[in-house]
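Chemist: any chance you can model this:
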Amino acid sequence: MAVEEPSYTLVRTFPDFELRRYPTYAVAETEVAGPFDEAGNQAFRILAGYIFGDNRAKAKIEMTAPVSQRPAMSEGERIEMTAPVVQRPASGTEGASFVVSFIMPDRFTLDTLPEPSDPRVRLREEPGKLMAVRRYSGRWTEKSYRENETRLLRAVDDVGLKPLAAPVYARYNSPFSLWFMRRNEVMVEVAETATNP
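Modeler: Next comes the predicted model:
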């Protein structure tokens, strides 16, 4: 079944990633603590409740893709990227917190989205940005994500782009999809430069 995805403009294609410009869009998100591989499942139940009617209007909201996951940090906090390009807690992700987001359908704004009943669900506007994006298939594991995150960050560095925030993990398929047919992406916001259109 086709689901809505956020629109973007393809700026440029590189061998290991695409450079995409995303407009502003609304998200419903929640923060969960726990290992990387379990955070998405914990958060999915909370966010699915919101879109399936656990909101003040009892309204159902259609599912979109992707579901994104990023390390939790202060709102608006930016991370300076340095070498090496691999970024993760020294002891893995035990004790870590992640923010998991559902992108809201394009027909909604923050003013028209129903108010969540669950206080763990936050509604927020994601500002437009320039993103370097690496697409891959396979299982939803931290190992697979980290390998692709490393490849993306190295490729971004190799072409002289500067990451502005922690990478984001994006999943496009349902848990019932065959693992080898799953579409996954690792995305990182990059700075605008004179050579970016």
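Chemist: quick check, pLDDT for the residue most central in space within the chain.
Modeler: Note on the chain: the residue nearest the mean C-alpha position is residue 68, at 2.9 Å, using CA atoms, centre = their mean. Residue 68 carries a pLDDT value of 95.
Chemist: same question for residue 139.
Modeler: 86.
Chemist: pretty sure it is touching residue 179, no?
Modeler: Yes - taking CB atoms under 8 Å as the definition, residue 139 is a contact partner of residue 179 at 4.8 Å. Where you see a C-beta, it was placed from the backbone N, CA and C, and this is true even at glycine.
Chemist: any idea which helix or strand carries the residue nearest to the centre of the chain?
Modeler: strand 67-71 (DSSP states H and E).
Chemist: show me what that strand is packed against.
Modeler: helix 36-51, strand 97-103, strand 168-171 (3 or more CB pairs under 8 Å, 6 or more residues apart in numbering; DSSP states H and E).
Chemist: okay if I get those as CSV plus distance to residue 3 and mean neighbour count?
Modeler: Compiled in CSV, these are given as follows (distance: least, CB to CB, whole Å; neighbours: other CB atoms under 10 Å):
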stretch, distance to residue 3, mean neighbour count
helix 36-51, 12, 18
strand 97-103, 10, 22
strand 168-171, 12, 22
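Chemist: turn those into JSON lines, columns for mean pLDDT and distance to residue 192.
Modeler: As requested, these are exported to JSON lines (pLDDT from 0 to 100; distance: least, CB to CB, whole Å):
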{"stretch": "helix 36-51", "mean pLDDT": "93", "distance to residue 192": "30"}
{"stretch": "strand 97-103", "mean pLDDT": "95", "distance to residue 192": "22"}
{"stretch": "strand 168-171", "mean pLDDT": "95", "distance to residue 192": "18"}
